[in-house]
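Visitor: The following block contains a protein sequence and its predicted model.
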Amino acid sequence: MEIKIYYEDTDCGGVVYYANYLKYFERARTEYLEARGLSVPALMKQGCLFVVVHAEVDYRAPARYGDILDIATMIPDMSPASITFSHVVRERQSGRVIVEGSARLAVTDGNGKVRRLDKETVVALQFNHG
């Protein structure tokens, strides 16, 4: 997934504001699901909501206004009721790693109760799993 860095993405030092990477991870997860035929709104209508329960971000190098970042996303771990997504963010032109991170999401029913993923969703997520 591609992210173009705009002025609004940066802090007073001209570097991408650290918390924005969590937003980029969210976009990358949505794209990952959609590439496997899974629609977040459709899952929500079926009573399947994902809630972030743990996130980690390791900052390796700064990204700046005008940079184009590529985000690679994969699922290194999945259980019936949780999914861990990992992300590697690279600056496109140089290929240098900007950020590495992960987020573990619990599957809930929309009322905060943990639930299991249905078989069709598991099969779709296992496509290119890991």
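Guide: Great, that's in hand. This structure is a prediction, so every number in the text was calculated from the model and none was measured.
Visitor: which residues are contacting the helix or strand that contains A72?
Guide: Using DSSP states H and E, A72 maps to strand 68-79. With contacts defined as CB atoms under 8 Å, 6 or more residues apart in numbering, strand 68-79 is touched by 1-5, 24-25, 27-29, 31-32, 63, 83-93, 98, 102, 104, 122, 125-126, 128-130. Where C-beta positions appear, they are placed from N, C-alpha and C, glycine not excepted.
Visitor: That one: what's the following helix or strand?
Guide: strand 82-91.
Visitor: chain center to that next one: distance?
Guide: In terms of CA atoms, centre = their mean, to the nearest Å, the centre of strand 82-91 is set 6 Å apart from its chain centre.
Visitor: list the helices and strands that strand packs on?
Guide: helix 20-35, strand 68-79, strand 97-108 (3 or more CB pairs under 8 Å, 6 or more residues apart in numbering; DSSP states H and E).
Visitor: now for the ones you listed, which one comes closest to V114?
Guide: Nearest to V114 among the helices and strands packed on strand 82-91 is strand 97-108; the distance by CB to CB comes to 5.8 Å.
Visitor: avg pLDDT for the very next helix or strand once past that closest one?
Guide: Note on strand 97-108: by DSSP H and E, the next helix or strand toward the C-terminus is helix 119-126. Averaged over helix 119-126, pLDDT sits at 87.
Visitor: tell me the angle helix 119-126 makes with strand 97-108.
Guide: Note on geometry: by axes from the mean of the first three to the mean of the last three CA atoms, to 10 degrees, helix 119-126 and strand 97-108 are set 170 degrees apart in direction.
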